[in-house]
Structure formats: structure tokens, C-alpha cells
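In: what shape does this take:
(2 chains)
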2 protein chains.
Amino acid sequence: DGAVVYGRASAPEIAALIGQTTIAPEGYVLRSVRDNGRRVTVIAGGSDAGVLYGAFDLLRRMQTRQSIDDLNVAEAPVVQLRLLNHWDNLDRTVERGYAGQSIWDWHTLPGFTPQRYTDYARANASIGINGTVLNNVNANALSLTEPYLLKAAALADIFRPYGIKVYLSARFSAPIEIGGLTTADPLDPAVQAWWEAKADEIYRLIPDFGGFLVKANSEGQPGPQDYHRTHAEGANMLADAVAPHGGVVMWRAFVYAHDNPEDRAKQAFDDFVPLDGQFRDNVIVQVKNGAIDFQPREPFHPLFGAMPKTPLMMEFQITKEYLGQATHLAYLGPLFEEVLRADTFQRGPGSTVAKVVDGSLFGHRLTGIAGVANIGTDRNWSGSDFNQANWYVFGRMAWDPEHADAAAIAREWAAMTFTPDPRFVEPAVGMMMRSREAVVDYMTPLGLHHLMATGHHYGPGPWVSDLARPEWNPAYYHQADATGIGFDRTATGSDAVSQYAPEVARVFGDPALTPEADLLWFHHLPWTYRMRSGRSLWDELVLTYGHGVNEVAAMQATWASLEDFVDRERF
Amino acid sequence: DGAVVYGRASAPEIAALIGQTTIAPEGYVLRSVRDNGRRVTVIAGGSDAGVLYGAFDLLRRMQTRQSIDDLNVAEAPVVQLRLLNHWDNLDRTVERGYAGQSIWDWHTLPGFTPQRYTDYARANASIGINGTVLNNVNANALSLTEPYLLKAAALADIFRPYGIKVYLSARFSAPIEIGGLTTADPLDPAVQAWWEAKADEIYRLIPDFGGFLVKANSEGQPGPQDYHRTHAEGANMLADAVAPHGGVVMWRAFVYAHDNPEDRAKQAFDDFVPLDGQFRDNVIVQVKNGAIDFQPREPFHPLFGAMPKTPLMMEFQITKEYLGQATHLAYLGPLFEEVLRADTFQRGPGSTVAKVVDGSLFGHRLTGIAGVANIGTDRNWSGSDFNQANWYVFGRMAWDPEHADAAAIAREWAAMTFTPDPRFVEPAVGMMMRSREAVVDYMTPLGLHHLMATGHHYGPGPWVSDLARPEWNPAYYHQADATGIGFDRTATGSDAVSQYAPEVARVFGDPALTPEADLLWFHHLPWTYRMRSGRSLWDELVLTYGHGVNEVAAMQATWASLEDFVDRERF
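Out: Got it, this is the predicted structure:
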């Protein structure tokens, strides 16, 4: 009694036990059955990865003290590409990394492969992540040279048993920088041939290479517009190079130009919506959750739902660039959930962002969700123990964005990381669930955004107004003056609201209808504006900042009360 | 029986047991005695630090399986300042660091002080290190602002119980950068007053602050020469500021100027010897072991012994900037020993560098030895387990440079780090002891130097000859052409040999007398020059490079044979 039997559903012994032979490729079945009178637990997978995911599910149930006596579980991921994006540079610095150096030690790769690489793969597999982009989107063309491809191949060999594919950020100008060409024009046959040969070379070394991630014509990166070509023409050229090998191109929509006087929040939509329908089948456009840049709170990005003919991939940021970095407590589950559950109304009510991302709204086969990693060489991986929860919740939510529950996942994580004792889990989860709202309150309440000081994006700098590019200045975003505060994005202002579906635009276009949490994102209002509480806007702002600070004090008290449940080192 | 009693010798109970009441401040006595018929081991110290050093000595004897039944040991350090120099920047990068990020997390200091800081202090105390310069000699003036001083003070509080003082690198132009003055001229009363007030502020926060380390007028750093003042005038101004508090100034002699056509190897001597006798009593001049820059092998620096009126401090580099960085095996004990035992002949035979450094040659009270640290956030602290041996041997040699024995210390370290089993220790120490010579052989044999490629100083780049400053080009150092190779530093060349005492100059001035290991450092010789082996210089060079490579193969075989003695993770 009590044996665990595992294998692919295609194996006759397994199929006989569960009575079915087909399971979705990465899916699995957990079933308590009787075999010749003995009680057996079966883990059946649609693939080796599916078996692995099933095994981790079983472990999770055991670690969280759930019964495993009478299992009847069938699970399969709803999203195809569940990826980490590492913004890791070749010199081992990590852009927006707050957990030490890059875990990729390019200097000692490919020869030396410490256990940490395997631990990384196992940790990711345990939460369903199936791919990783190794290098920064602000890419160095060196990553595509043979010595670095051999290093990437060594990592791919380690990750493969864990169901994880390797991807690379591709620098668009690589044909010039490492290829000796004089142009990177995507319509130039020599450039196309160079990328085809490069793709052939990569797939010889990494047969299951996932594909390219590209940041082009954004913040100084090269791209097709340098040659008066569109983003679609650039993406398609790369897509044609990897298509014969089954690769994909993830083309980022995070673009804004310093010489464009238009509201920065509108520029990605303006650039990409006209290209809908022009991308190859193996291109997916990767869109940040909001239209500015990973703020503590942003309304959902208007691109979601606005490009029905193009698969769109979600880009979340797990590393807390704007949310206090490694030293503030901010559990991002509620942020992810809020965005995924937002309703775009693009095909009527219920057209949630999650349904855009999982492909169900417009029937796309290619789907994806990416998280900018918070992983580094720190002993705790993520700069603090609680930051691990953001890596965890990202993976768990990517599996099935529509049904993911931030609180339930926090409960799982807290129980497995510390103790399943409810006297610990309930207060800890309460603290986690309120933590992101506290950050919003003490940093950017009521729809304010991008008030952080220059460069580091850590401390406040609302007074900064002297940077060369207007949209790098906090003053650009809050528009505060003697009479009021807020960014008018209604028809009397930048009219960014018009990029949303009419049902949404009507709400965001009217201060009386706009949720107060987003109020100053869309409206410039007098300091005396009357809030729903009856207080003036000024008073409400002060109160909200104060509320955020009080929450932190409450969290400190909560944590202090949990000392008995946490080992000394982590406490 | 078997009790260990410890305390200061000034305590009557301790004095009664050992029959003496005075021990040198950091010294200790280990004595096996009988007390009321019971056998007792006494650790008596001249200070709390002395007791600690005694305790570590006892532990070392136990770990290396020496008898502790009949102890009669009296030890005291011969050198006063035994310091690590961290070339750690405020952004947690480490100049010439190959073991991760800086262990100083300035962002979370002073509030958060993880166990690693304490571990660091204990490790240093165990090998007699009594001070640490926290920040890079290429200094940032921010280190001297109050927020950063509070962070340094938090570290000082942790280090104090371990007998370790904190020092800071001082940027000479700080009065301008953080003081609001328009000059940093050391003779300007406002500048002097600023440094005095700054010293007062530092000592309020860190009452036992050690003092300043200064890199001035070298490689672009500001310094007194910017105001047409001498190094002595600059050093004395700072010395006067810290003197009332008992602080010292360590003024580096590593200077060379891009507009000076003189042989770089001669410039420090030219600048500093004329200043002998002009420095305050609390200034010590810190001199690198050789006149160029931490090469795999350099003849000893001609400044040693050449400034009888000035205390000179040794600067070794523990981090292996030019010796293969973190990935090559190179035990530096033999390098340190070779330099310390070199005879300057400045007061006749036996005027070793060690006697200059320990103050005995010219009767100096202020003495010191510094090592540029190889410590980072890597789990193994130093980039590899064997690199820890270089930290270890530095500390052990600093205690008594004249009598230190590189092989004995390697044996100690190997026994304590892995196993005292002689079947492991003897082959491992043999490998360690040959490893530095192997690096010399495969990188810079027969006195060649600075052939490493630009910037990273890792791989070879003897062809580099296009850098803006002539003395940054490898071609400057090897002078290879169709007829021969080597840098002529005799009277027919730069005459650097004349900076040594006549007995030494005679040896280095004649290729027939010069040790072949230093041959091309001092002589430009034809490729056909006949070596003592009978081979031509060219053949000897090729053979020596090949010998270095063969040594590496032999080390790999040796290590492979030791698998049984090493745990799996480290093997």
C-alpha cells in the first residue's frame, strides 16, 4: 500500500491505471487507485514535463498538509510560454536586480556548472515555468557569438530535464556588430541570410532553443525603424530565421520616443495597433501590464484586446524596480491578479486581460506570459525571503492566469516556506496581501505615478524636472501646480482614454466614474476636489500617504508577533 | 583536569598561573600548568585581542592535530598594522574583485547587519588581522558623509570585539565635493579646518577609527600636486587632522604620470625619496611589493630601504588581478615570502624587505602590512576554496614577516580546510607551492611583465600597443623586436637599477649575474642570447611557457588523485 507510480500516460501500465491514454503535453493527472487490491497513487503526465509537474503538485499537497488519500486531479497549463526574463548583463550586473550578481557566471561557463544552475531549474519547474531568457533585453551582440552560444548550450543541457527551454535576447544590430555587415536592415537579403545562418548555428548547439526576445527602437536600442521599416518587418525577418526550427520571436511593445510629443502612455498603442495582422504566426508581441513602466499601480495596458489578429504576451516585473526593490515588503500577487482580471470590454463584458493572454478571447494558439526575474547570487536568491514569494506567485499564476488566486497562492507559499501552522499562515498572508497596497499608498497614491527619483527608481523625487527627456521627469507625470494635480488623459488632455474600448473609456474619462485608485492617472483635478469620502483631494492624499506608513508599522508588529514560528536565521 | 583558563595577564588569577604580569598588547602566552594538582591550559593575553589570538592559536594546534599537552608558547605580532584593503565601491562592485559583489551592503547598512559581517571579523581575527579599509583607494567622497559614516560605524561596532579597527580611503578632493569649498589645497587653512572637523565627526561616531588610506595623484586621482604641493604636504595635512585622535595616514607610493617619459618603474622612487624625513610621525608610506603593479613576479620595490627616516608599509595584492583571477590556482605564499626575504643591502647584507616592513632595520615604531582583499559575496568568500589560502597566508605572514614560512602555512591551511591526513596534505601543498611559479611560467616567464590584455588583466595581449598612455601598453614592457626582447633598465637603458643599493645594482645591472627569473625585467637581450642551460633565449622562453602548461596538467592529475579526501561539493 502507498506506492507512487508515475509515467507518461502513453505508457500502457500507466494508461491502464488511470483509464486514459492522452493528456495535454504538459498536463498531468493525479489519481488514487487500487491496483491488485493495493492502494496506489498515480502521477500520469502528457510528457516528461507533465509527470514532473504532477510530482511537484503532489509534493505541494503534502507540504501544505492536504490529504492525498483520495486524489482525482487533472491539470494542464493554459498558457504555452511561461517564461522568466533575466535582465542580466554579460559582466554579471543585473539591470534592476537587487539580489546580488547574475547567477550566470559567463566567465566559467561552459566548463564549470555549479549546483546552483540545477537548483534554479528545479525551482522553476516546481512552479511550472518552462523557459528562460538568459540575457538582458538591452542586449549585447556578444551573446550571439559562438563562445557565448556554447555557454548558453551548457545551461540548456542542465535545464532540459526540467522542461525548461533557453531563449536569448537578440540585439537587432548584431549583423553589424558581430557579423561584419554594414547594415541591419531587415529587408536586406544579406541581413536575412546572416540571421538564418545564425539561427542554424544556434539550433545545432541547442536543438530545442526557444527563440528570440527583442527590444527594438526603445530607449536607444537599435531596431527596424533605423531603416524606416516597421516593427512587423523587423520581427518577421527574425521569425523567418527561427521558423524552420520551431522557434518564436517575442517582440516587445515597450516603445516610446524622446522626439514624440505625444503622451508616453499612448505611444506603444499608436505604434503597434496599425500593425495588427502583419506579424508572422510565430511572432508574439510582449506587452507590459501597464502603458508606462511597472508602477506600483497602473491601469491595464490599452493594447490588451486592441490587436485581435496578433497574439499578445504579458510582461510582468517580478523584481521590484519601483516597489521598494529588495528591502520593502510587497507581495505582487494582488498586482498581477488585478491586471489579469481587468476587463478590456473589447469583445463585450468579460473580455478580461487574462483571456487575451491565454488566447481564448481571439482564439490564438501561441500564448505567453513573462516575468522579469528577481533572481541573483544572494543566498536567499531574491534579496529577501519574502521576495521569493513574487517568483513563486508569478509561476503559479502563469499556469492559469484567469483562475489564479493571489491569496490562495500566498497561503501555499507561506506554508511551504515557513510552516503550515495557521497561527503563522493567516497573519503572514494578511500582511502579504496588504503590502502592495501599502506601497501604492506611501509612494504613488490615487493614480499618481513615476514620482521616484532618477536612475535608481527607489526613493521619491517628485521635484525632478530637469532631465533631458521630458518623459523621464516625475514632474511630467504629476503635473502638479498651484491649482491642482494629475495627468489629464481625457479628451481635454492627451485623450489616452480613447485607446480603451468605449465602455472603459467612458469610465476612465469621467472623474466621477474613475476608480479613485486610478484618479490622478487620468485626471488633473483641483486640490480642493471633493473625494467620495467627503475630504478634499489634498486631505485625501495626505491621509493615504499616512495610511501607507501606518500599514508598515502594522506589518512590523505582525512580523514581531510571529517570532515563535520562524527559525532564528530567517526571523 | 583539562580545563582551559583564559584572560588578560593583568588579571591576578592569570598572572599567578603563568608567573608573569606583562605581555605585549596583542601578544599571548599558551602554557600547560598545574593548578592545585589539576592540569590546566592557560591562554593569557596582553589585551582582549591577545587572548583571542591565543585562543585561535590553540584551536589551530588542535585542528592540525598537534599535541596540546605540554604547551609553552609566547607569541606577539611583530608588525603593528595588519590590514586588509578592500577595493570595494559604494555600488557593490569590487575593483579587481573576482568573488562576487562587495560584502558591504551599503544600502541596508546601518540598520541591517547580517551574520556575514561577524563571520568576516572572526575569520580575520583567527589569522591576526587587526584592521580593514572598507572602501576602494579610488575613493568616492560620499564615504565621508554622515550617512556613510554611520554605516561604517555599524561595521566598526561589529568588528571591535574581534580586535579589528575600521579605516577609510579618503578622496583628497572631498572638501570640494562634499564640503562646498573651492579648493582642496593642503596648505589652505579652510581645507585644513574642514579635515579637522571631519576627523572630529568620524571619531565621535567611531572612537577607535584607524585612520585614512590615500591614493593621490595617481591614475587620475586628485592630490596635493594639483596645487603644486608635495605628497608630504598632502599627507601631513591629513595626519594633523587625525593625530589628536591617535589616527594614522597611510599614503600610497603607487604613483606614475602619463606625461612623465621616465620608465614607470622609476617614478615612485623619484617622487618619494626626496621627501624622506618630511612626513609626520603618524604617516606611513604604503609601497607595493614591486615597482610596476602586482605582476606574477617582480623584483622587490627599490623604495624598500631607500627612505630610512620614513616608515614604509608593504602593500600585497591578495586578489589575483594578474595571476589568473579567481579561476587559476596560484598560492601566493611563495610570492610574499620571496619579496619579504629579498635583501635590499641598504644597511649591509641581511637588510631584508621584511626588516624594513617590521621596522627593525631603521628602528621605526609605526609598522604595517596591507593586503588587497579577495573577499566577496561568493559562498566560498574568495571565488574558489583555494583562494582562501591567499587570505590566510597573508594574515599569518603579516604577523611576523621575517620568519613566516609559506610551505608551513600552506600545510596548516590545507589541514584545517580539508583534512590533516598527510596523504592529502603533502600532495596538496606540493601543488600549491608550485602553482605560482607555474603562473609565472605560462604568463610572464624570465622577467617579462605586464603582457596581459587591456582592462581585465586576464588573458594575454602582448601585441597591444595602441593605448593612449605608453605605460598601459604591453609592448612598452617587453620591447620585443626583430633582434631581441626585454626592458633595458641598466645604465644603457632607463638605469632603474641605480635606484637599488650598489650591491644589488651590480647584480641586476649585469645579465650574467641577474637571476634568470628576473632577466628580461632588467635587460634587453638578443633572441640568440645563451642561457645558463646552454639554450638560446628563444628556446628557453618556449620551454618555460611549456613548462608552465605542463605544471597545470600535473596539478589536475594531483587533484584528481585526492578525490577520496575531499567532500563531494568542494571536489
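In: what about A:R82, which SS state?
Out: Three-state assignment for A:R82 (DSSP: H, G, I helix; E, B strand; the rest coil): strand.
In: for A:A512, same thing?
Out: Relying on three-state DSSP, one would call A:A512 coil.
In: let me know the pLDDT of it.
Out: For A:A512, the model assigns a pLDDT of 96.
In: chain B contacts on chain A?
Out: Counting by C-beta under 8 Å from any C-beta of the partner chain, chain A comes close to chain B at A:T93, A:G100, A:Q101, A:H107, A:T108, A:Q115, A:T327, A:T377, A:D378, A:R379, A:E569. Heads up, the C-betas are built off the backbone N, CA and C, glycines and all.
In: buried members of these into ChimeraX, please.
Out: Buried residues among the residues of chain A next to chain B (16 or more other C-beta atoms under 10 Å in any protein chain shown), as a ChimeraX selection:
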select /A:93,100,101,107,327,377,378
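In: so which of the residues of chain A next to chain B are in helices?
Out: Using DSSP state H, A:Q115 are the members of the residues of chain A next to chain B that sit in helices.
In: TSV for the residues of chain A next to chain B, including pLDDT and distance to A:V51?
Out: Shown next, in TSV, are the residues of chain A next to chain B (pLDDT from 0 to 100; distance: C-beta to C-beta, whole Å):
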residue	pLDDT	distance to A:V51
A:T93	95	38
A:G100	94	33
A:Q101	95	34
A:H107	94	36
A:T108	94	32
A:Q115	93	23
A:T327	90	39
A:T377	95	31
A:D378	93	32
A:R379	90	31
A:E569	85	34
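In: in CSV: the residues of chain A next to chain B, plus distance to B:I485.
Out: As requested, the residues of chain A next to chain B are exported to CSV (distance: C-beta to C-beta, whole Å):
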residue, distance to B:I485
A:T93, 39
A:G100, 44
A:Q101, 40
A:H107, 30
A:T108, 33
A:Q115, 46
A:T327, 55
A:T377, 42
A:D378, 48
A:R379, 49
A:E569, 57
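In: what's in contact with stretch A:68-77?
Out: Contact with stretch A:68-77 is made by A:23-24, A:26-32, A:41, A:46, A:50, A:53-54, A:57-58, A:61-62, A:128, A:130, A:398-400, as judged by C-beta atoms under 8 Å, 6 or more residues apart in numbering or on different chains.
In: what about these, which are in strands?
Out: Using DSSP state E, A:Y28, A:V29, A:L30, A:R31, A:S32, A:T41 are the members of the contacts of stretch A:68-77 that sit in strands.
In: count the neighbours of the closest residue to A:H364 other than its chain neighbours for me.
Out: Leaving out its chain neighbours, the residue that sits closest to A:H364 by C-beta to C-beta, 6 or more residues apart in numbering or on different chains is A:P311, at 4.2 Å. Around A:P311 sit 25 other residues, with neighbours defined as other C-beta atoms under 10 Å in any protein chain shown.
In: what's A:P311 sitting at in phi/psi?
Out: phi -70, psi 130 (degrees, to the nearest 10).
In: test my guess that it contacts A:G359.
Out: Yes - between A:P311 and A:G359 there is a contact under C-beta atoms under 8 Å: 6.6 Å.
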